[in-house]
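Peer 1: fold the stuff below for me.
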Amino acid sequence: QVQLVESGGGLVQAGGSLRLSCAASGSILSINVMGWYRQAPGKTRELVAALTGGSSTNYADSVKGRFTISRDNANNTVYLQMNSLKPEDTAVYLCNADVWSGTYLRKSRRGYWGQGTQVTVSS
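Peer 2: Now for the predicted structure:
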């Protein structure tokens, strides 16, 4: 079993910064893509940023130039540095990881989600 635990959310004024962390633990063999999604009330979940093991990144247009995703492969942790925050960035931010787990003789691959962390940006 694999668990993702997020931290770093909170309340910040517009123009401020926050850094989110997501640590994966359990019987992990390798992690392909790690990323962040967000879901605001009444809206569908959307991709914010994703990072492959090979360091390729993908950002939503709305966060390009303001958010930076990074990864510590040795510790199975992904970060999201969020700068110049806007009220429209307010949402629950969820970590996602595409994980190979188990043993090398008996492995499986699936996506896992964290429990989410609230980010609120006041105007």
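
Peer 1: helix or strand for the nearest residue to T77 once chain neighbours are set aside, which one?
Peer 2: Leaving aside its sequence neighbours, T77 sits nearest to A23 (C-beta to C-beta, 6 or more residues apart in numbering; 4.7 Å). To be clear about C-beta, it is placed using only N, CA and C from the backbone, and glycine gets the same treatment. Per DSSP states H and E: A23 is located in strand 18-26.

Peer 1: quick one: strands adjacent to that strand?
Peer 2: strand 2-7 (antiparallel), strand 77-82 (antiparallel) (DSSP bridges).

Peer 1: buried sites along the next helix or strand after it?
Peer 2: Using DSSP H and E, the next helix or strand after strand 18-26 towards the C-terminus is strand 28-39. Neighbour counts using 16 or more other C-beta atoms under 10 Å place 28, 31, 33-38 of strand 28-39 among the buried residues.

Peer 1: do the same with stretch 84-101
Peer 2: Buried-residue list, stretch 84-101, by 16+ other C-beta under 10 Å: 85, 89-101.

Peer 1: who's in contact with the nearest residue to L18 once chain neighbours are set aside?
Peer 2: Using C-beta to C-beta, 6+ apart and skipping residues adjacent in sequence, the residue nearest L18 is M82, 5.0 Å away. Shown in contact with M82 (C-beta atoms under 8 Å, 6 or more residues apart in numbering): 17-20, 63, 66-67, 89, 119.

Peer 1: now with 7 Å?
Peer 2: Listed by C-beta atoms under 7 Å, 6 or more residues apart in numbering, the contact set of M82 reads 17-18, 66-67, 89.

Peer 1: same thing with F67?
Peer 2: For F67, the contacting residues are 48-49, 59, 80-82, by C-beta under 7 Å, 6+ apart.

Peer 1: and the most centrally placed residue in the chain, how far is that from S27?
Peer 2: Centroid-nearest residue in the chain: W36, 2.8 Å away (criterion: C-alpha atoms, centre = their mean). According to C-beta to C-beta, to the nearest Å, W36 and S27 sit 23 Å apart.

Peer 1: now do D89
Peer 2: As judged by C-beta to C-beta, D89 and S27 stand 34 Å apart.
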